[in-house]
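[1] the following comprises the amino acid sequence and a computationally predicted model.
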Amino acid sequence: MSTSDQHPTDVATVDGGEVARRFENPGLPDHRHRLTDIDAKAAKRAERQVAALFGLSALGTILTLVAYFSVKFEGNLTMDQHLSRVELSNILLGTGLFLALFGLGAGAIHWAKTLMPDEERIELRHPMRSSDEDRADALAILAEGAAESGFGRRPLIRNTLIGALALIPLPAIAFLRDSGPMPGTDLATTPWKAGDRLVRDVGRGTPIKASDVQIGSVVHVMPDGLQAPGEKMEERAKAAVLLMRLDPADLDPASKGGAYDGIVAYSKICTHMGCPVGLYEQQTHHLLCPCHQSTFDVTKNCAVIFGPAKRPLPQLPITVDEEGYLIAKDGFKEPVGPSYWERG
Amino acid sequence: MTALAARRRHPMASAVLVLLSLVVTGLVYALAVPSRASAATTDDVAAGRQLFLANCATCHNLDAQGRGNAPSLIGVGAAAVDFQVGTGRMPLPASGPQAPATGRKFTQDEIKKMAAYIASLGPGPAVPSADAVDPAKGNPARGGELFRTNCAMCHNFAANGGALTRGKYAPNLNNTTPTQIYEAMETGPQSMPVFSDTNIDPESKRDIIAWVRTIKTAPSPGGFALGGIGPVSEGLVGWVVGLAALIGCAVWLGAKSS
C-alpha cells in the first residue's frame, strides 16, 4: 500500500483526486479523558459498581445451587404440587443463572470501559507482499518440482492417477446408500386395504357403526390393527383419516364415489406440507389446515379452494360390513401427503 | 317353586312371561336412563312459546321452522337452546361470519322455559344433569387423550381457541361452563361438528370436561404462558423483548464510557 508510511486516516483519500484536495485532514480528535480518569471519586464509584456486579454474580451462583438442591420433585405429590415445584425450580434456576452469568459479563465490561487504561495508540501495519526475490524463488521451486515429477512428460502416470482419483468416491456413495433402508414404495403406500375396519383414533380404537355417525359429526380414524402404543408409528403417521357425515344431497358426484350414505373419509395429511388437516367446519363443509391455511371443500371431493396446497386430499372409499361397521372398500388410490421427488 | 314349575305349560304362561319381561324392562330402563335436569311442565312450554315469539320468531319463524339463514329449531333439543341463549350467542346481535358470545340476555328460568318449548317441538338432546358434567367425577388423563384427538386442532392444545376460515373462529374455553362444553359437543353449534353420544359417550364427555378444567387450574411450569396460544406469542416476545435486550447490550458494549 503506497500510503502505508503516512498517517492512517489518509488511506481513504483519492490520490490526485479533485475531492480529496478540497479537504484538510482533520486528524484524530483530541483525547477526552473519562470522568473516572480525572475524578478519583468517580473512579471509586465505578470500582464499587464493578464489585457489586461481581457480587451479584456470586449471589446468583449461590441461588442457583441452593435452588437446585432444595427444590425437590420427589415424594408423594399431587400433579398440581409437582407442577408448582417445577415452576418454582425453573424460575429460581433461571434467575440464578441469569444473575451469575450476566453479573460476570457486565462487571467485566464495566471494568474495562471505566477503569482500565484509556489511551489511544496507533500501530502501523507493514506491507504483506513478499520481496520480489522470494516470489521468484517460490515459483522456481514449483516449476522444478513439476519438471522432476515428470507429470507433463509421462501421460500414462497422469491419466491413471486421474482415473484412480475419479473412482475413489464411489465406495463412499455405495456405503452411504446402504447405511439405511431405501424408502421403496413407503411414500406411495399406506396400511389401508380393502376390508380394513375404521376405528376411532383414541386409546385401543373402537369400530364405528355407520348408523352411529350423525350428520355434521366428525370422527378421527385409524385402520384397525395399529393401536398398540409405540408400535408402527410410521404406519400410523400415514394412515390418519378424517371421517365426516354430510347430507348426501350436499356431495357432488365425484365425492359420492367412495361415500357411504353421506359418510366420507379423507386422508388427514395435507397435500402441501403434511400437517394434519383436522379443522372441519360442519356448516360450510370446509376443511382447514392449521399450518398454512390450505382449505379443502368436502362437498367437492376435498378440492383445494384456498391456500398453497396443490392437490385435493385423497379419498378413502368406504362401505359397511355385515354387522354395519364401516370398512375400507379399497386402499387409497393415490399417495397421501405432500409431493415427493419421484411423484413430481 | 313346584307350583310355578307345574304351571309352566299353562296356555297363559307365555302371555304372563311377556308381560313380566315388559314390566321388568320398563323398570330397568326407567332406572338406567340418566335423569333429565328438570321436568318441563306445560306451563313452562306455554311461557317458553311466549318468550320465543317475542325474541326469536323474527328470524326463526313463528313455529320455529326456520327462514333464510336462520335454521329450523325443530329437533335441536333443550341443550341447543341452553347453550346458544345461555352463552349470549342468541339472540344474534348482528349478522356476521359467526355469532359471538355476548353474555347472557335472559335469566336461567327464562332460558329453561324457552328450552322446554323447543324441546316440545321434537326430540333432541336435553340439558345434561349436574352429575354428567361434574369435572371431579371425570378422568382428566383419558379426557386429555380425547381432547387432543378430537378438540385440540380447532380449540388449541390448551383450550385457548384458534382461527378458522373467513372470519370464523373456535372460541377459547376459559369461561365456558362444564354444562356448556357438554351441550356444545352434543349439539355442534355453528361451525363445530357434532360429537354425539354414539361417537363420544357421556362418560368420555365428562372426562373431556375434567381435562379442560385441569389445564385451566394447573400451574404453568414453564413460567409465562403468554396466552398459551403457541409459537405466535412466544415468537413475538422472543423477537421483540429478547432481541431488544440483546441489541441494548450490544449498544452498551460499543458505547464509550463518559
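    Right, received. Where do you want to start? Numbering: from 1, shown residues only, chains lettered A, B, ... in the order given.
[2] retrieve the pLDDT associated with residue 4.
    This is for chain A. Predicted confidence (pLDDT) for residue A:4: 43.
[3] wait, chain B
    With respect to pLDDT, residue B:4 scores 68.
[4] before we move on, what about residue B:163?
    Model confidence at residue B:163, given as pLDDT, is 88.
[5] quick one, what contacts residue B:67?
    The contact partners of residue B:67, by CB atoms under 8 Å, 6 or more residues apart in numbering or on different chains, come to B:59-61. Placement of C-beta: from N, CA and C, glycine included.
[6] same question, residue A:196
    Contacts for residue A:196 (CB under 8 Å, 6+ apart) come out as A:223-225, A:327-328.
[7] then residue B:174?
    Contacts here follow CB under 8 Å, 6+ apart; on that basis residue B:174 touches B:159-160, B:216.
[8] would TSV of the residues you listed with pLDDT, neighbour count and secondary structure be doable?
    TSV is the format used below for the contacts of residue B:174 (pLDDT from 0 to 100; neighbours: other CB atoms under 10 Å in any protein chain shown; DSSP: H, G, I helix; E, B strand; the rest coil):
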residue	pLDDT	neighbour count	secondary structure
B:159	89	23	coil
B:160	88	20	coil
B:216	85	16	helix
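[9] could I get these as CSV with distance to chain A?
    Output for the contacts of residue B:174, formatted as CSV (distance: CB to the nearest CB, whole Å):
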residue, distance to chain A
B:159, 15
B:160, 13
B:216, 12
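[10] what's the closest of those to residue A:266?
    Nearest to residue A:266 among these: residue B:159, at 25.9 Å, using CB to CB.
[11] which residue comes closest to the closest one once chain neighbours are left out?
    Leaving out its chain neighbours, the residue that sits closest to residue B:159 by CB to CB, 6 or more residues apart in numbering or on different chains is residue B:173, at 4.1 Å.
[12] sort out which of the contacts of residue A:196 are in strands and list them.
    Using DSSP state E, the members of the contacts of residue A:196 that fall in strands are A:223, A:327-328.
[13] hmm, back to that, show me which of the contacts of residue A:196 are buried.
    A:223-224, A:327-328 (16 or more other CB atoms under 10 Å in any protein chain shown).
[14] between the residues you listed, which sits nearest chain B?
    Of all the buried ones among the contacts of residue A:196, residue A:223 has the smallest distance to chain B: 15.4 Å, by CB to the nearest CB.
[15] low-confidence ranges in chain A?
    Applying pLDDT under 70 to chain A flags the ranges A:1-21, A:344.
[16] please enumerate the strands of it.
    Using DSSP E, the strands assigned to chain A run over residues A:198-200, A:218-223, A:241-245, A:263-267, A:279-281, A:286-288, A:295-297, A:303-306, A:318-320, A:326-328.
[17] go on, the stretch 51-200 of chain B?
    Secondary structure of the stretch 51-200 of chain B (DSSP state E, counting those that start in this stretch): strands at B:162-163, B:169-170.
[18] what sits against the spatially most central residue of chain A?
    Nearest to the geometric centre of chain A sits residue A:273, at 14.2 Å (CA atoms, centre = their mean). By CB under 8 Å, 6+ apart, residue A:273 lies in contact with A:291-292, A:338.
[19] out of the residues you listed, grab the one that's most surrounded.
    Most neighbours among these, by other CB atoms under 10 Å in any protein chain shown: residue A:338, with 17 neighbours.
[20] for the residue nearest to that residue when sequence neighbours are not counted, grab phi and psi.
    Leaving aside its chain neighbours, residue A:338 sits nearest to residue A:274 (4.8 Å; criterion: CB to CB, 6+ apart). Phi and psi for residue A:274, reported as degrees, to the nearest 10, are phi 90, psi 10.
[21] just give me the neighbour total for residue A:274.
    The local packing of residue A:274 (other CB under 10 Å) involves 15 other residues.
[22] can you check the one 3 residues further on too?
    The burial count assigned to residue A:277 is 27, neighbours taken as other CB under 10 Å.
[23] wait, it sits on residue A:288?
    Yes: counting by CB atoms under 8 Å, residue A:277 touches residue A:288, with 7.2 Å between them.
[24] overlap in contacts, those two.
    Counting by CB under 8 Å, 6+ apart, the residues touching both residue A:277 and residue A:288 are A:294, A:296.
[25] now the helices for the chain?
    Looking at chain A here, since you left the chain open. A:18-22, A:35-38, A:40-70, A:79-114, A:132-149, A:155-167, A:169-177, A:233-239, A:253-256 (DSSP state H).
[26] I was thinking of chain B, sorry if that wasn't clear
    Assigned by DSSP H, the helices in chain B fall at B:2-6, B:13-32, B:42-55, B:57-60, B:77-86, B:108-121, B:140-150, B:152-155, B:178-187, B:202-217, B:231-237, B:243-254.
[27] out of those helices, which comes closest to residue A:198?
    For the helices of chain B, distance to residue A:198 was read as CB to CB. The smallest value, 14.2 Å, belongs to helix B:140-150.
[28] distance from the chain centre to that closest one, please.
    With CA atoms, centre = their mean, to the nearest Å as the basis, helix B:140-150 stands 15 Å off its chain's centre.
[29] for chain A, tell me whether that helix is touching it.
    Yes: on the criterion CB under 8 Å from any CB of the partner chain, helix B:140-150 is in touch with chain A at B:142, B:145-146, B:149-150.
[30] which one of those residues has the most neighbours?
    Tallying neighbours with other CB under 10 Å puts residue B:150 at the head of those, with 24 neighbours.
[31] didn't that residue look like it was pressed against residue A:217?
    No: taking contacts as CB under 8 Å, residue B:150 lies outside contact range of residue A:217: 10.3 Å.
[32] who touches both of these two?
    The contact sets of residue B:150 and residue A:217 overlap at residue B:195 (CB under 8 Å, 6+ apart).
[33] who's in contact with stretch B:202-217?
    Contacts of stretch B:202-217 (CB under 8 Å, 6+ apart): A:79-80, B:34, B:128, B:132-144, B:146-147, B:150-151, B:158-159, B:173-174, B:176, B:178, B:181-182, B:185-186, B:195, B:197, B:200.
[34] buried set for that stretch?
    Going by neighbour count (16+ other CB under 10 Å), the buried part of stretch B:202-217 is B:202, B:204-216.
[35] stretch A:240-252 near chain B anywhere?
    Yes: applying CB under 8 Å from any CB, one finds that stretch A:240-252 is in contact with chain B at residue A:244.
[36] can you give me how far that stretch is from the chain middle?
    In terms of CA atoms, centre = their mean, the centre of stretch A:240-252 is set 36 Å apart from its chain centre.
[37] give me the phi and psi for the residue lying closest to residue B:96 once chain neighbours are set aside.
    Nearest residue to residue B:96 in three dimensions, chain neighbours excluded: residue B:167, at 7.2 Å (CB to CB, 6+ apart). For residue B:167, the backbone dihedrals (degrees, to the nearest 10) come out as phi 90, psi -10.
[38] now the one 4 residues further on
    Recorded main-chain torsions at residue B:171 are phi -70, psi 160, according to degrees, to the nearest 10.
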